[in-house]
Every structure is written in C-alpha cells, then in structure tokens.
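Q: 3D, please:
(one chain, ligands or ions: 1)
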Amino acid sequence: ARAQAMQVDTRPQVSYGDIGGIDDQIREVREAVELPLLDPERFDTVGIEPPTGVLLHGPPGTGKTMLAKAVANGTDATFIKMAGSELVRKFIGEGARLVRDLFELANEHEPAVIFIDELDAVAAKRTDSKTSGDAEVQRTMMQLLNEMDGFDERGDVSIIAATNRFDMLDPAILRPGRFDRLIEVPEPDAEGREQIFQIHTRGTTLADDVDFEELAELTAGRSGAEIESLATEAGMFAIRDDRTEVRMADFEAALEKITDEDTAAEPIAF
Ligand code: ATP
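A: Here you go, the predicted model:
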C-alpha cells in the first residue's frame, strides 16, 4: 500500500533548464534547499537556521512539481512524492501512518526530497463541522507537524510542498520550523510563455514562419502545462496533414481548438 501512495524516483530527469519563466523562483528554491544541503557551514557561520520546509503556491500547471524534481536532480537526491489527497482517502489511522512511512522512507534514501502535492487536502483550516472525516484529516496533519518539528535530527532530507489553494491553509502549518519558506509560482508572463514554447519544441521540426513571440502574445493567461499541450496538438495537425514540419498555422489551429474546449467546459449558468 505504501508503494502505491508514494512515488519514488531515485533519478528524476528534470533539470532547471527545462523550466521556463520562473527564474526568480528557481533561485529562491535553490537557496532554500540546495544551499543547506551542499554548504551547511554557511548557515552555521552566520548563525541562522536554514528553512525547514518550502511551500510552492500558485495556479495549476505552472511548474511546481518540475521545480521540486529539478532540486532533487540538482542535489543527487531521491525524489519521493506523496499526494495530499492520497493521505486523506484512507481508513482511520492510515493517513498518520502513511506520513510516518513517508519520512521513514526518506531517511532510508538520504539525501532525499519529500514532495507533498495538494498540501491543502491535509492542512486546510479547521472548519466548524465535527465530522469524523475532519478529525481524521486533523490527525494526519498533526502527524505531519510532528515529523517536521523533529526535523533537526533528520539530516539530508528536504521537504517541499505545493498547493493551488494557499488561502485554505491552516496557519499552524506555516509557522517557523514548518513550511517557513513560501514561494509563489505565478502564471508565466509573455517572456516566460515564449521560453516555455521554446522548451517544449526542442525536438520539434519547425517551419520558418513559427513565431514564438507572437504565440506568447496569443496565449495570455495560459499555464506551462497548457503550452505543452498546445505544442503537442500543433504537431498533431502537421501529422494529420502529412507534413514533417510544424507551421505557425498549426499552432494557431491548436490554440483555436483548446479555446473551443475551454468554452465547452464552462459550466452552464441557470
Ligand atoms: P499542479 O498544481 O496541477 O500539480 P504544477 O504546478 O505542479 O501543477 P507541473 O506538474 O510542474 O505543474 O507541470 C505540468 C507539466 O506542464 C510539466 O510536466 C511541463 O511539461 C509543463 N510545464 C508547466 N510549467 C512549466 C514551465 N514553467 N516550464 C516548462 N514546462 C512547464
């Protein structure tokens, strides 16, 4: 059961160069995670504690998971992922157990990066309802806090979490010694979108008329994940047309297609 809920990757393949448009965030994460691992004396000398946990927050598909994987890669650490939603879909007592197992597993794999996705699922603000489900989620969160509070003796294990719902988090989880380094990962700006187009077409045969600057303008409000699927979809148009090169028109058709899908997916107003 433990293997199912946790995903272990001893050699994550993502590197910083694969992530577009969030250079400041990359720098901040490296400072918070890499520096204490690679050069702990710098913190001792200055006399400050390195951050305990890093929380990445921002809209879906902006590169939070990639960032955590790249840090693991950059420190030759094992990447251990756990989805917050997995922790709460369990029998009584099992969520807390999984949290214990997670940290134990990380200890066995030192150096390791623990990545908890959808942190809000386990660490939402207390609601008024006193249902047993809520109490169980609460126990799971307490176990997580316990593990983090005992972090000093833990050695080469870093902890990174991500959420799309920062507003929902219980402030208790953000206290010093817990997730005490907050990094916002926003939707990419035009320059970022251009970079992400370049990254996701590295292996693509492109016609001369493909203009990423213009595509970046046309994709305001789109995430990295959406740009990735646009690039794939554009390639599909070329294949259907029996061409070996992907043209600007293919990107435009792909964009039109996902825009139509967005409209179709919008809820009907009554
Ligand atoms: P979620 O909050 O939904 O879990 P996330 O922020 O963790 O999303 P990722 O899983 O890192 O997003 O990104 C999903 C995919 O989208 C990546 O595998 C990558 O291909 C693409 N992608 C997202 N952001 C970027 C980016 N900044 N640069 C390059 N590719 C990106």
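
Q: Quick one, grab the pLDDT at the closest residue to the ligand within the stretch 151-270 of the chain.
A: For the stretch 151-270 of the chain and the ligand, the shortest gap (Cβ to the nearest ligand atom) falls at Gly224, measuring 2.2 Å. C-beta here means a position set from N, CA and C on the backbone, and glycine is covered the same way. Here the pLDDT value assigned to Gly224 is 98.

Q: Run through the stretch 101-250 of the chain and note the low-pLDDT ranges.
A: Using pLDDT under 70 as the threshold, the predicted model of the stretch 101-250 of the chain has low-confidence ranges 127-133, 152-155.

Q: where along the chain do the strands fall?
A: In order along the chain, the chain carries the following strands (DSSP state E): 6-9, 53-57, 78-83, 112-117, 157-163, 179-184.

Q: The longest one pairs with which strands, parallel or anti?
A: Yep, that's strand 157-163 we're talking about. When pairs are called by DSSP bridges, strand 157-163 turns out to pair with strand 53-57 (parallel), strand 112-117 (parallel).

Q: So for Lys125, which of these sits nearest?
A: For Lys125, the closest of the strands paired with strand 157-163 is strand 53-57, at 14.8 Å, according to Cβ to Cβ.

Q: what is the orientation angle of that closest one with strand 179-184?
A: Relative orientation of strand 53-57 and strand 179-184, computed by axes from the mean of the first three to the mean of the last three Cα atoms, to 10 degrees: 30 degrees.

Q: model confidence over strand 53-57, on average?
A: The average pLDDT within strand 53-57 is 97.

Q: contacts for it?
A: The contact list for strand 53-57, computed with Cβ atoms under 8 Å, 6 or more residues apart in numbering, reads 25, 29, 32-33, 64, 67-68, 119, 148, 158-164, 166, 174, 178-185.

Q: List buried residues within those residues.
A: Applying a neighbour-count criterion of 16 or more other Cβ atoms under 10 Å, the buried members of the contacts of strand 53-57 are 25, 29, 32-33, 64, 67-68, 119, 148, 158-164, 174, 178-181, 183, 185.

Q: and this protein, which residues reach the ligand?
A: Among all residues of the chain, those adjacent to the ligand (criterion: Cβ under 6 Å from any ligand atom) are 19-22, 60-66, 117, 162, 164, 196, 199, 224-225, 228.

Q: Buried among those? Make that a ChimeraX selection.
A: To isolate in ChimeraX the members of these that are buried, counting by 16+ other Cβ under 10 Å, one can use:
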select :19,20,21,22,61,62,63,64,65,66,117,162,164,196,199,224,225,228
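
Q: Mind checking which of the residues of the chain next to the ligand are in helices?
A: Lys64, Thr65, Met66, Ile196, Ile199, Gly224, Ala225, Glu228 (DSSP state H).

Q: Any idea how many residues pack against the residue lying closest to Thr244 once chain neighbours are set aside?
A: Nearest non-adjacent residue to Thr244, counting by Cβ to Cβ, 6 or more residues apart in numbering: Thr205, 5.7 Å away. If you count neighbours by other Cβ atoms under 10 Å, Thr205 ends up with 11.

Q: Val246 is in contact with Thr205, correct?
A: Yes: proximity of Thr205 to Val246 meets the contact threshold set by Cβ atoms under 8 Å, at 6.6 Å.
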